[in-house]
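Trainee: okay, predicted coordinates and the sequence, questions at the end:
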Amino acid sequence: MKAFIIKVIRHYRRALLQGFGDREYSYQRYLAALFGLIGSVIALVMGINSILIDLYVLAGALLAASFLLFLSFSLLISAKYVRYHNMMKYMALTALLSLGVYLIYSGGVSNSGPLWIYIFPSVIFAFCGLKVGIMINLIFSVILMVMLYTPNGYFLATLYPVAFKSRLVLAFLTTVALSAFYEAARHSSYLNMARLKAKFEQESQIDELTRLPNRRGMRKKLRAAYHKAITTNQVFTLAVFDIDHFKNVNDCFGHEIGDEVLKHVSDVLRNGLRKQDVLSRWGGEEFLLLLPDTNGEEAFLLLEEMRKLIAASHYDQANEAITITFSIGYCEMSDAASLSEMIHLADISLYKAKQTGRNKVLAYG
Ligand SMILES: Nc1nc2c(ncn2[C@@H]2O[C@H](COP(=O)(O)OP(=O)(O)OP(=O)(O)O)[C@@H](O)[C@H]2O)c(=O)[nH]1
């Protein structure tokens, strides 16, 4: 039985937390559903108990609340009724608050009913977040005070001692304040985590040395470009750049100067791009360039320009100017059946460019 209950709880927890992209929304939905279920069972047990001790109006209120809470639980766990989820959250809350008002009014069993209101602040914040939560908690506090302190017990069917009333109100307001602090802290750490997640996600797609997109970041952009080209019926071109004899730079000047040269060529390439082009560091001394909405002929002219630009530039190291050249292979979208084939064909052209003398631009085919 215990294992079964744990299994059911795990199942719903997974379904509720993973079903939606927005984690905070999922969290509120999860809590609302869980509360709906637990609240409905408790209200049902209390309702049956009230029938047994002949408190029929109280029993009716508890059974109605139990039904509404169970209904909200059932709809909240189903992805089919997403558009009703917000409504369900507020319905569960309204059922709960109405029950609270009724318990204050009637006193419940032996005047102990109002003690249930201490669960309200945290439930309200969990359901509605900080701002709306503060509003609802304050409204409920006002209702509580009006009911308790209206002269002649106008809104009460029972009599509470004065000391009980003041402690009930003060303890309730303290619980509201503490729950609000807790919710504010939770929300701010949630925002912090979301910001850090976005930052790490972005960093993981950028090459540290050149600040260009790395292979991971570029793959994402390539998929988007490929999808866009197919839906808009456009072609694009991919070009692979590889520095010629880069090993010599490292061997002659050291790895650190090699790094500086990589930064230098990245800057020169970046400055030679059009606004829409995307350059990435694909591997060690290899760069991949995406030329959107560009066919092979147009690409050749652009790539030739870039090749000349690099060859004409140089990196100054002490009294020596290090000149860099690139071999470039490219492939137009229509020559390949897929993205990976495009990259493969551009690589083949690059290999040919290397084989036939370097410092040149070659198309596939
Ligand atoms: N400084 C530095 N060197 C790198 C980096 N990544 C790769 N390399 C170097 O790049 C060189 C690539 O050497 P090879 O693959 O032989 O190519 P190459 O010397 O450019 O010769 P070809 O490509 O045939 O013209 C190696 O010496 C690598 O150590 C890096 O991040 N920094």
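Mentor: Nice, thanks for sending it over. Numbers count the residues shown, from 1 in each chain.

Trainee: which SSE is residue 282 in?
Mentor: Taking DSSP states H and E as the criterion, residue 282 maps to strand 278-283.

Trainee: so which residues make contact with that strand?
Mentor: 207, 209-210, 212-215, 217-218, 221, 225, 240, 262, 266, 269-270, 273, 287-290, 292 (CB atoms under 8 Å, 6 or more residues apart in numbering). C-beta: built from backbone N, CA, C; applies to glycine.

Trainee: I'd like the next helix or strand past the helix or strand where residue 168 lies.
Mentor: Element membership of residue 168, judged by DSSP H and E, is helix 162-203. Helices and strands here follow DSSP H and E; after helix 162-203, the next one along the chain is helix 215-232.

Trainee: so where do the helices sit in the stretch 51-200 of the chain?
Mentor: Using DSSP state H, counting those that start in this stretch, the helices of the stretch 51-200 of the chain run over 56-76, 85-106, 120-149, 162-203.

Trainee: nearest to the ligand, of the ones you listed?
Mentor: Nearest of the helices of the stretch 51-200 of the chain to the ligand, taken as CB to the nearest ligand atom: helix 162-203 at 17.5 Å.

Trainee: mean confidence score for the closest one?
Mentor: Per-residue pLDDT values across helix 162-203 average out to 94.

Trainee: report all helices and strands that that helix contacts.
Mentor: Contacts defined by 3 or more CB pairs under 8 Å, 6 or more residues apart in numbering; DSSP states H and E place helix 162-203 against helix 23-52, helix 120-149.

Trainee: report how many residues lie close to residue 56.
Mentor: Residue 56 sits with 10 neighbouring residues when counted by other CB atoms under 10 Å.

Trainee: my guess is it contacts residue 50, does it?
Mentor: Yes: contact criterion CB atoms under 8 Å: residue 56 and residue 50 qualify, at 7.4 Å.

Trainee: which secondary element of this structure has the worst mean pLDDT?
Mentor: With mean pLDDT, DSSP states H and E as the measure, the helix or strand of the chain carrying the lowest mean pLDDT is helix 2-18 (a mean of 66).

Trainee: how far away is the residue lying farthest from the centre of the chain from the ligand?
Mentor: The outermost residue of the chain, judged against the average C-alpha position, is residue 152 (53.7 Å), by CA atoms, centre = their mean. Between residue 152 and the ligand the distance, using CB to the nearest ligand atom, to the nearest Å, works out to 84 Å.

Trainee: for that residue, give me the pLDDT.
Mentor: 90.

Trainee: dump stretch 336-345 to CSV, keeping only the CA atoms.
Mentor: Included here for stretch 336-345 are C-alpha records, laid out as CSV according to Å, rounded to 0.1, in the frame of the first residue of the first chain:
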residue,chain,number,x,y,z
ALA,A,336,23.3,18.5,-50.4
ALA,A,337,20.4,16.6,-48.9
SER,A,338,21.0,17.6,-45.3
LEU,A,339,22.9,20.0,-43.0
SER,A,340,25.5,17.4,-42.1
GLU,A,341,26.0,16.5,-45.7
MET,A,342,26.5,20.2,-46.5
ILE,A,343,29.2,20.4,-43.9
HIS,A,344,30.8,17.2,-45.2
LEU,A,345,30.8,18.5,-48.8
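
Trainee: next, the buried residues of that stretch.
Mentor: Of the residues in stretch 336-345, 336, 339, 342, 343, 345 count as buried by neighbour count, 16 or more other CB atoms under 10 Å.
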